[in-house]
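# Provided below for reference: sequence and predicted model.
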There are 2 protein chains.
Amino acid sequence: MLAQSRRPRGQTRERILLLAADWLQQRGYHGFSFAQIANALDIQSGAVHYHFPAKQDLVAAIFKRYRETAVAWCDEHSSKHGDAGACVRAFLEWQASFLDAEQVCPLGVAGVEYASLPSKACAEAESLRDEMIAWLTTTLSAGRDDGAVDFAGSAADQAALIVSATSGALQLARLNGSDDFRSVIRAVLAGLQTRGT
Amino acid sequence: MLAQSRRPRGQTRERILLLAADWLQQRGYHGFSFAQIANALDIQSGAVHYHFPAKQDLVAAIFKRYRETAVAWCDEHSSKHGDAGACVRAFLEWQASFLDAEQVCPLGVAGVEYASLPSKACAEAESLRDEMIAWLTTTLSAGRDDGAVDFAGSAADQAALIVSATSGALQLARLNGSDDFRSVIRAVLAGLQTRGT
DNA sequence: GTCTATAACGTGATAGAC
DNA sequence: GTCTATCACGTTATAGAC
């Protein structure tokens, strides 16, 4: 019963999801097609539609998985279990990992193409935004309380700044190279005045 | 020789440019078509192609005009003629004006759709980035020298932060309303410690 | 010089074979 | 259950009328 075909069955869905996520964060929602996915994976475009009936289902699944990944990441980086400053720095490094893949944050994709995005995708993106802002706000607030970090203004405002700045910086890096991203990270860290516990 | 037709001749190009710029900043590059523009302006899609041979010409023209507008704005808000803190605050208000139109910064569009954008548009977007970063860097640097503003890190880093944060904040605002944008503005201003001269 | 009519192609999506 | 062959439509772009 092993290896009934050259491409192992049951992995097509996963392969589609991974490739589409990559392209979504490189080209935007309207920047890739089912036919292109099928061509790259050496299948027919109808096979993609079997796993994801409509394009909005595919993209909603991408946002959903990214959100699940983000939630798991946040749980592993709770300031209850470690230094809040280290948590924030880890967040910045996590965002930096998109640089090598030449990707932007999914939140940016949703924000830019909002008016031409199917509602399913918008809803998932909004949930993702809530998770990231909530984690950052909690982390920053706890960090300021115990002296691990300091910053001007409210924790919620600072959280919105960090999410906006990192997302925007990944986009700026597409235009002018990763130096712009590193500039933004330096400025964010300078504004945070983190110090290890 | 007046009013030879219902739609005055010579204004079609301008009407196309204005509508397309609006849609570009709401839906992204691939989120609108020549046919939709033609339909909205009650002309044929071929008429759009007369004024802009290919879609990349239309979008490059949008970026070019936006850059010209930005350069003119920067010239009018030179820190040589006024307070640097006021200039930065004016910049933030300028970005805020996109909120009401439910638009994002053109830089964000280019960053997100970079890999699916025609090269002409990318080149214009890169020039736009250069102009904005240069003006902000100069303004912030001069402002710190004369004590109008203060901030942690280099002027260039702070400039990249402000461009990224405002662009990202406009996108976040699409997902969760203008409160997120205002949060980011407060955080930016808190980090700048501006004071009027 | 300006726009209308039309074409070639790529898109998202479906029906039915295996 | 999984995928191949096919469709109707919207897309960018062109040729030629006025």
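Done, it's in. It should be emphasised that the depicted structure is a prediction, and the values quoted were computed from it without experimental measurement.
# The residue nearest to A:E102 when sequence neighbours are not counted: neighbour count?
Sequence neighbours aside, A:Q26 is the residue nearest to A:E102 in space, at 5.9 Å (criterion: C-beta to C-beta, 6 or more residues apart in numbering or on different chains). Backbone N, C-alpha and C define where each C-beta goes, glycine included. Residues contacting A:Q26 under the criterion other C-beta atoms under 10 Å in any protein chain shown number 21.
# can you pull the pLDDT of the residue of chain A found nearest DNA strand D?
Nearest to DNA strand D in chain A, going by C-beta to the nearest atom of the strand, is A:G46, at a distance of 2.2 Å. pLDDT, A:G46: 92.
# Name the SS class of A:G147, please.
coil (DSSP: H, G, I helix; E, B strand; the rest coil).
# and it, how many neighbours?
11.
# If we ignore the residues flanking it in sequence, what's nearest A:Q193?
Per C-beta to C-beta, 6+ apart, closest to A:Q193 is A:D150, 4.8 Å.
# how close does that neighbour sit to A:S183?
The gap separating A:D150 from A:S183 is 21 Å, by C-beta to C-beta, to the nearest Å.
# The two: which has the busier surroundings?
A direct count of neighbours by other C-beta under 10 Å for A:D150 and A:S183 places A:S183 higher, at 25 against 14.
# what separates the closest residue to that one other than its chain neighbours from DNA strand C, distance-wise?
Excluding the flanking residues, the one nearest A:S183 by C-beta to C-beta, 6+ apart is B:A160, at 3.8 Å. Going from B:A160 to DNA strand C by C-beta to the nearest atom of the strand, to the nearest Å gives 34 Å.
# Break down chain A into its helices, ranges please.
A:12-27, A:34-41, A:45-51, A:55-76, A:84-100, A:106-112, A:119-145, A:155-176, A:178-192 (DSSP state H).
# Which one of these lies nearest to B:E131?
Closest of the helices of chain A to B:E131 is helix A:155-176, at 12.0 Å (criterion: C-beta to C-beta).
# Pull that closest one out as PDB, backbone CA atoms only.
Only the C-alpha atoms of helix A:155-176 are listed here, as PDB (Å, rounded to 0.1, in the frame of the first residue of the first chain):
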ATOM      1  CA  ALA A 155       1.200  49.600  26.200                       C
ATOM      2  CA  ALA A 156      -1.700  49.400  23.700                       C
ATOM      3  CA  ASP A 157      -0.300  52.300  21.600                       C
ATOM      4  CA  GLN A 158       3.200  50.800  21.700                       C
ATOM      5  CA  ALA A 159       1.800  47.400  20.600                       C
ATOM      6  CA  ALA A 160       0.100  49.000  17.600                       C
ATOM      7  CA  LEU A 161       3.300  50.900  16.800                       C
ATOM      8  CA  ILE A 162       5.400  47.700  16.800                       C
ATOM      9  CA  VAL A 163       2.900  45.700  14.700                       C
ATOM     10  CA  SER A 164       2.600  48.600  12.200                       C
ATOM     11  CA  ALA A 165       6.300  49.300  12.100                       C
ATOM     12  CA  THR A 166       7.400  45.700  11.500                       C
ATOM     13  CA  SER A 167       4.700  45.100   8.900                       C
ATOM     14  CA  GLY A 168       5.500  48.300   7.100                       C
ATOM     15  CA  ALA A 169       9.300  47.700   7.400                       C
ATOM     16  CA  LEU A 170       9.000  44.300   5.700                       C
ATOM     17  CA  GLN A 171       7.300  46.100   2.800                       C
ATOM     18  CA  LEU A 172       9.900  48.900   2.700                       C
ATOM     19  CA  ALA A 173      12.600  46.200   2.600                       C
ATOM     20  CA  ARG A 174      11.100  45.000  -0.700                       C
ATOM     21  CA  LEU A 175      11.700  48.400  -2.300                       C
ATOM     22  CA  ASN A 176      15.100  49.200  -0.800                       C
END
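# list the helices and strands that helix packs on?
Counting contacts by 3 or more C-beta pairs under 8 Å, 6 or more residues apart in numbering or on different chains; DSSP states H and E, helix A:155-176 packs against helix A:84-100, helix A:106-112, helix A:119-145, helix A:178-192, helix B:106-112, helix B:119-145, helix B:155-176, helix B:178-192.
# got CSV for those, with mean pLDDT and distance to B:G85 too?
Listed next are those as CSV, based on pLDDT from 0 to 100; distance: least, C-beta to C-beta, whole Å:
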stretch, mean pLDDT, distance to B:G85
helix A:84-100, 95, 28
helix A:106-112, 98, 29
helix A:119-145, 95, 26
helix A:178-192, 97, 17
helix B:106-112, 98, 24
helix B:119-145, 95, 6
helix B:155-176, 98, 13
helix B:178-192, 97, 8
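# wait, which of these is closest to A:E68?
Nearest of the helices and strands packed on helix A:155-176 (C-beta to C-beta): helix A:119-145, 9.6 Å.
# other SSEs contacting that closest one?
So helix A:119-145, by 3+ C-beta pairs under 8 Å, 6+ apart, packs with helix A:55-76, helix A:84-100, helix A:106-112, helix A:155-176, helix B:155-176.
# Same list (the ones you listed) but as JSON lines, adding distance to DNA strand D and mean neighbour count.
Listed next are the helices and strands packed on helix A:119-145 as JSON lines, based on distance: least, C-beta to the nearest atom of the strand, whole Å; neighbours: other C-beta atoms under 10 Å in any protein chain shown:
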{"stretch": "helix A:55-76", "distance to DNA strand D": "13", "mean neighbour count": "17"}
{"stretch": "helix A:84-100", "distance to DNA strand D": "28", "mean neighbour count": "18"}
{"stretch": "helix A:106-112", "distance to DNA strand D": "16", "mean neighbour count": "29"}
{"stretch": "helix A:155-176", "distance to DNA strand D": "21", "mean neighbour count": "28"}
{"stretch": "helix B:155-176", "distance to DNA strand D": "21", "mean neighbour count": "27"}
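# No more questions from me, cheers.
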